[in-house]
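A.B. asks: sequence first, predicted coordinates after that:
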Amino acid sequence: LISSATKSLRLETEILEKKLQDAQKKLAEKDGDKDKEIQSLKRLISELEFQLTMEKNNNESFLDKLRKEMKHKSDELEKLTQERTQLIHSLSQVQEENSVLQETVRRECEERCGLTAALSRAREQVLELRRLSGTFP
């Protein structure tokens, strides 16, 4: 009976040891798979971090380029605004000068008309005097 129980226990122990070995083997395989997956994920993280760094650098470079372009456009706009202001001032001066010249021309034309009228009257008087002096010796 004892021998049979011992044999039975040994057999059960062997079965349990075999199950334990199988479980340890599966656990080792799972650990290996997990290690591989961890390494794969670490590589993926490194690649993504590198891509992120590259994107950040590209974005910073693009932003710097945009800032420079915006500064250039702003300077250009300021220059054009100053030129426009100068042109408006020059136009105002030219318009004022034109008004003065037009007024001068108008006065000179009035004066010319007056002189022309006076000359006509003087001619008439000279002709009248010649006519009168022709009848009186």
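C.D. replies: Good, I have the coordinates.
A.B. asks: show me the helices in this structure, by range?
C.D. replies: 2-135 (DSSP state H).
A.B. asks: any weak-confidence spans in it?
C.D. replies: The model of the chain has pLDDT under 70 over residues 135-137.
A.B. asks: report the central residue of it.
C.D. replies: Closest to where the C-alpha atoms of the chain average out (Cα atoms, centre = their mean) is M70, at 4.6 Å.
A.B. asks: distance check, that one against L77.
C.D. replies: Applying Cβ to Cβ, to the nearest Å, the value for M70 to L77 is 10 Å. (C-beta placed from N, C-alpha, C; glycine too.)
A.B. asks: how about stretch 80-97 as CSV, C-alpha atoms only?
C.D. replies: The C-alpha coordinates for stretch 80-97 follow below in CSV (Å, rounded to 0.1, in the frame of the first residue of the first chain):
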residue,chain,number,x,y,z
LEU,A,80,6.1,102.7,-49.0
THR,A,81,3.9,104.5,-46.4
GLN,A,82,6.7,107.1,-46.0
GLU,A,83,7.0,107.5,-49.8
ARG,A,84,3.2,107.8,-50.1
THR,A,85,3.2,110.5,-47.3
GLN,A,86,6.0,112.4,-49.2
LEU,A,87,4.1,112.1,-52.5
ILE,A,88,0.9,113.4,-50.8
HIS,A,89,2.9,116.3,-49.4
SER,A,90,4.6,117.0,-52.8
LEU,A,91,1.2,116.8,-54.5
SER,A,92,-0.2,119.3,-52.0
GLN,A,93,2.7,121.7,-52.6
VAL,A,94,2.3,121.3,-56.4
GLN,A,95,-1.5,121.9,-56.2
GLU,A,96,-0.9,125.0,-54.1
GLU,A,97,1.8,126.3,-56.5
